[in-house]
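*Asks:* what's the 3D shape of this:
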Amino acid sequence: MGMLSEGLTQVLIPAAALVGIAFALLQWYLVSKVKVSGDSSGDYSDKLIEEEEEGTDNLEVSIKCAEIQNAISVGATSFLLTQYKYLIVFMGVFAAIIFVFLGSVKGFSTKSEPCTYSKGNLCKPALANAAFTTLAFLLGATTSVLSGFLGMKIATYANARTTLEARKGVGKAFITAFRSGAVMGFLLAANGLLVLYISIILFKTYYGDDWEGLYESITGYGLGGSSMALFGRVGGGIYTKAADVGADLVGKVERNIPEDDPRNPAVIADNVGDNVGDIAGMGSDLFGSYAEASCAALFVASISSIGINHDYTAMSYPLIISSVGIVVCLITTLLATDLSEIRDVSEIEPSLKRQLVVSTILMTVGIAVVSFLALPSEFTLFNFGTEKAVKNWHLFFCVTIGLWAGLVIGYITEYYTSNAYSPSAGCSRFLQDSFSLAAMYGIAVAALGMLSTIATGLAIDAYGPISDNAGGIAEMAGMSHKIRERTDALDAAGNTTAAIGKGFAIGSAALVSLALFGAFRQQGWHQFCRRSNPQALKMVEEVRRQFNTIPGLMEGTVKPDYANCVKISTDASLREMIPPGALVMLTPLITGTLFGVETLAGVLAGSLVSGVQVAISASNTGGAWDNAKKYIEAGASEHAKSLGPKGSDAHKAAVIGDTIGDPLKDTSGPSLNILIKLMAVESLVFAPILRRSRWFALQISLRKIKTIKLTGLFRYIR
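*Replies:* Numbering: from 1, shown residues only. You can find the predicted model right below:
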């Protein structure tokens with residue numbers, strides 16, 4: 001038994017989650033103190049405002065910023081609410097599928113049966129497991145949707161405020177953008193932990209000592225979170241890339257106007273896309289990773305000596321890691337916003353990277369303390385039919401390996417774009433180390449270690465689109481060139497750290513997927529980028545039509561029809577997200593039902609190996625194209641200057657290349673991350689029924705299909 005008592009564990013976990021929520025709300029309040037037009041206490045003659053152009057009316061600028069922010073917020077909210085109507089239908093249908101499939105394992109039996117692992121104990125009936133797994137799925141899906149929506153709201157709430165703060169200096173703007181990102185990061189980490197903890201407590205009132213059934217049903221929480229993330233990533237990704245590509249091809253290449261020029265009809269849709277794709281989609285994605293990693297770790301632990309001996313504190317080890325992570329990230333955030341100050345644009349990027357390094361160091365100390373206080377000195381894990389003795393310091397190394405692997409993979413992804421330096425080689429070495437120490441439980445907690453500082457990682461990731469929107473608002477509001485330089489500096493740093501975030505997401509997806517795959521095999525042992533292209537062409541045609549048919553648009557004397565461009569992206573993304581989503585969700589069910597768990601295991605292994613490699617390739621290739629465009633636009637070197645200024649043939653070619661790179665790195669790659677996780681967790685949830693399907697597969701392999709009598713099939717169904 002560990003030194004940490006059960007009572008103290010029951011207090012620490014929800015307390016950490018509530019502290020995280022309170023801290024997020026505090027950051028939101030501090031951001032709200034920056035006033036825009038329409039706020040009752042707005043004061044636009046602030047003496048602190050520096051270097052605004054002479055004659056500029058601060059009130060007029062603020063009104064323009066407020067109008068643009070409102071247009072972006074309304075567009076993003078409208079899209080997400082429309083998308084959620086589709087997702088509610090999906091949630092209902094898939095919840096029914098879960099209940100029917102799992103309930104039919106024992107013919108909707110209501111009788112308790114002997115447990116597989118806890119010998120001598122009775123486990124709850126199949127019908128109860130089906131009901132609670134369905135409930136966990138709905139809770140996970142709802143939390144995922146809430147995480148994405150809240151992230152979008154704070155991002156659209158903060159973008160104009162970041163723009164206005166840039167008038168006081170780059171340091172003020174940085175704090176506003178980073179605090180806004182922290183709101184999303186802490187709400188996601190804390191809400192995910194709190195809902196999971198409450199679900200376990202509520203389920204425990206029914207399951208009692210049947211921990212095997214309890215944590216098997218909890219896996220539905222991860223499935224719900226990741227299924228919503230898939231549709232959020234695909235739908236949001238199609239939206240943002242259709243708008244981005246359409247705006248760039250016509251605006252930059254054909255009309256030679258700046259990226260965020262208000263004359264471009266697709267400019268509002270482009271900014272809306274940043275929020276629904278890069279903010280809401282990323283929020284749901286990382287929540288799904290967290291939920292799946294937690295569920296995998298909890299399930300594997302429940303069938304170890306920890307679960308069999310009902311050691312509550314040791315069983316809660318994955319949740320305690322997440323709790324410590326919230327506290328560590330809180331300290332790290334204060335370091336960025338209150339204990340240090342950005343005085344020059346050159347300090348922005350080092351400050352963001354410092355957050356990652358400091359949080360990783362502090363978390364290493366926290367993991368050491370937790371591992372020796374919460375875990376027994378030695379316990380037993382089941383390792384594919386054999387027993388493996390594991391010590392508490394083994395788990396410390398597993399979690400720490402995952403934690404530092406996330407940082408290393410992120411930095412490698414930032415600096416290199418060739419497969420020779422891809423994160424895959426390093427990742428595989430880390431996986432081997434974790435597996436050798438604590439089998440599949442080691443993989444699962446390594447994934448949790450990588451995600452333990454998710455609040456800081458997501459704050460940095462959300463900071464990027466907020467800064468990007470702030471720059472767009474500055475351009476559209478006609479603010480001074482100096483203000484735009486400051487917002488561009490914020491955005492540039494965000495682009496750099498976004499590469500770290502993408503490497504982190506790929507690495508965590510690989511670890512989480514392997515952990516889920518291991519959990520699936522343990523249970524069995526014992527018992528999209530081309531879709532956005534047509535939509536982008538529609539956007540190109542619409543932007544081109546407006547430039548050609550609306551008199552005075554290029555002269556800036558009339559406003560373009562922003563709403564029609566927003567509608568094109570919205571309709572297209574909602575329509576086109578359904579086929580890839582259905583493909584991913586149905587593949588494990590169809591494969592496992594028709595061909596058995598052995599075939600499904602092969603499909604999962606193949607999706608993991610190929611998916612990680614393609615995701616890395618998409619991220620690196622897309623990043624290379626994006627950086628080529630930025631290299632020419634910056635003109636910081638003699639070579640860049642020799643290629644020509646903005647509007648040159650070289651610049652136009654780079655912009656066209658970026659229209660391919662952006663969907664690769666921002667839509668295709670992230671969607672593959674979710675795909676490999678979702679297929680694995682779905683297989684784990686449906687493992688009880690899929691395991692029985694191997695008899696059907698055996699029938700097919702022994703007889704020719706044409707000789708199978710219908711009576712025999714009906715007998716199998718009964």
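
*Asks:* drop to CA atoms for contacts and neighbour counts, all remaining ones
*Replies:* Will do.

*Asks:* and residue 92, what's its pLDDT?
*Replies:* At residue 92, the model reports a pLDDT of 92.

*Asks:* how many neighbours does it have?
*Replies:* 12 (other C-alpha atoms under 10 Å).

*Asks:* so what does it have for phi and psi?
*Replies:* Main-chain torsions, residue 92, degrees, to the nearest 10: phi -70, psi -40.

*Asks:* report the separation between it and residue 134.
*Replies:* 10 Å (C-alpha to C-alpha, to the nearest Å).

*Asks:* residue 576 too?
*Replies:* From residue 576 over to residue 134 (counting by C-alpha to C-alpha), the distance is 27 Å.

*Asks:* try residue 353
*Replies:* 40 Å.

*Asks:* where do the strands sit along this protein?
*Replies:* 113-114, 122-123, 378-383, 386-391 (DSSP state E).

*Asks:* let me see the mean pLDDT of the first one.
*Replies:* When the per-residue pLDDT values of strand 113-114 are averaged, the result is 69.

*Asks:* how far off centre is stretch 238-256?
*Replies:* 25 Å (C-alpha atoms, centre = their mean, to the nearest Å).

*Asks:* bridging residues for residue 113?
*Replies:* When bridges are called by DSSP bridges, residue 113 pairs up with residue 123.

*Asks:* that one: how many residues sit nearby?
*Replies:* Considering only other C-alpha under 10 Å, residue 113 is surrounded by 13 other residues.

*Asks:* next: residue 585.
*Replies:* 18.

*Asks:* now do residue 350
*Replies:* By other C-alpha under 10 Å, neighbour count at residue 350 equals 12.

*Asks:* also residue 93?
*Replies:* 11.

*Asks:* could you measure from it over to residue 87?
*Replies:* 10 Å.

*Asks:* what of residue 477?
*Replies:* 36 Å.

*Asks:* residue 353 and residue 134: which has the busier surroundings?
*Replies:* Using other C-alpha under 10 Å as the criterion, residue 353 and residue 134 rank with residue 134 on top: 30 against 18.

*Asks:* ranges for the helices of the stretch 301-450 of the chain?
*Replies:* 305-308, 312-315, 317-337, 348-374, 392-415, 423-451 (DSSP state H, counting those that start in this stretch).

*Asks:* which residues sit against the second one?
*Replies:* Under the contact criterion C-alpha atoms under 8 Å, 6 or more residues apart in numbering, helix 312-315 has outside partners 1-2, 4-6, 9, 298, 301-302, 306-307, 374-376.

*Asks:* count of residues packed around residue 603?
*Replies:* The burial count for residue 603: 17, using other C-alpha under 10 Å.

*Asks:* with residue 460 instead?
*Replies:* 28.

*Asks:* just checking, it touches residue 490?
*Replies:* No. Contact criterion C-alpha atoms under 8 Å: residue 460 and residue 490 do not qualify, at 11.4 Å.

*Asks:* so where is the stretch 401-550 of the chain shaky, pLDDT-wise?
*Replies:* 410, 413-431, 433-436, 438-439, 495-496, 498-506, 508-509, 511, 514-536 (pLDDT under 70).

*Asks:* now do the same contact list for residue 402.
*Replies:* Contacts of residue 402 (C-alpha under 8 Å, 6+ apart): 430, 445, 446, 447, 448, 449, 450.

*Asks:* thought the fifth one was touching residue 293?
*Replies:* Yes. In this structure, residue 448 sits in contact with residue 293. The criterion is C-alpha under 8 Å, and the distance is 5.8 Å.

*Asks:* what ranges does the stretch 501-650 of the chain have for its helices?
*Replies:* Going by DSSP H, counting those that start in this stretch, the stretch 501-650 of the chain shows helices at 532-549, 562-576, 578-634, 638-643, 649-663.

*Asks:* I'd like those as JSON lines, with distance to residue 269 appended.
*Replies:* Compiled in JSON lines, these are given as follows (distance: least, C-alpha to C-alpha, whole Å):
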{"stretch": "helix 532-549", "distance to residue 269": "10"}
{"stretch": "helix 562-576", "distance to residue 269": "5"}
{"stretch": "helix 578-634", "distance to residue 269": "20"}
{"stretch": "helix 638-643", "distance to residue 269": "30"}
{"stretch": "helix 649-663", "distance to residue 269": "16"}
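
*Asks:* tell me which of those helices lies nearest to residue 340.
*Replies:* helix 578-634 (28.6 Å; C-alpha to C-alpha).

*Asks:* can I get the helices of the stretch 301-450 of the chain in a markdown table with distance to residue 59?
*Replies:* Below are those laid out as a markdown table (distance: least, C-alpha to C-alpha, whole Å):
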| stretch | distance to residue 59 |
| --- | --- |
| helix 305-308 | 63 |
| helix 312-315 | 57 |
| helix 317-337 | 27 |
| helix 348-374 | 28 |
| helix 392-415 | 40 |
| helix 423-451 | 43 |
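
*Asks:* relative to residue 110, which of those is closest?
*Replies:* Per C-alpha to C-alpha, nearest to residue 110 of the helices of the stretch 301-450 of the chain: helix 305-308, 23.4 Å.

*Asks:* got the buried residues for that closest one?
*Replies:* 305, 306, 307, 308 (16 or more other C-alpha atoms under 10 Å).

*Asks:* residue 195: which of the residues you listed is nearest?
*Replies:* Nearest member of these to residue 195, counting by C-alpha to C-alpha, is residue 307, at 21.2 Å.

*Asks:* so the closest one is in contact with residue 301, correct?
*Replies:* Yes. The pair residue 307 and residue 301 passes the contact test of C-alpha under 8 Å, sitting 6.0 Å apart.

*Asks:* give me the pLDDT for the residue nearest to residue 578 when sequence neighbours are not counted.
*Replies:* Once flanking residues are discounted, residue 578 sits nearest to residue 231: 7.7 Å by C-alpha to C-alpha, 6 or more residues apart in numbering. At residue 231, the pLDDT value in this model is 82.

*Asks:* report how many residues lie close to residue 231.
*Replies:* 27.

*Asks:* also residue 247?
*Replies:* By other C-alpha under 10 Å, neighbour count at residue 247 equals 29.

*Asks:* that one contacts residue 266, doesn't it?
*Replies:* Yes. If you go by C-alpha under 8 Å, residue 247 and residue 266 touch, sitting 5.2 Å apart.

*Asks:* need the overlap of contacts for the two.
*Replies:* Joint contacts of residue 247 and residue 266 (C-alpha under 8 Å, 6+ apart) are 539, 543.

*Asks:* which residues does residue 319 contact?
*Replies:* 13, 193, 197, 294.

*Asks:* how does it look with 7 Å?
*Replies:* Counting by C-alpha atoms under 7 Å, 6 or more residues apart in numbering, residue 319 touches residue 13.

*Asks:* so what's it scoring on pLDDT?
*Replies:* For residue 319, the model assigns a pLDDT of 94.
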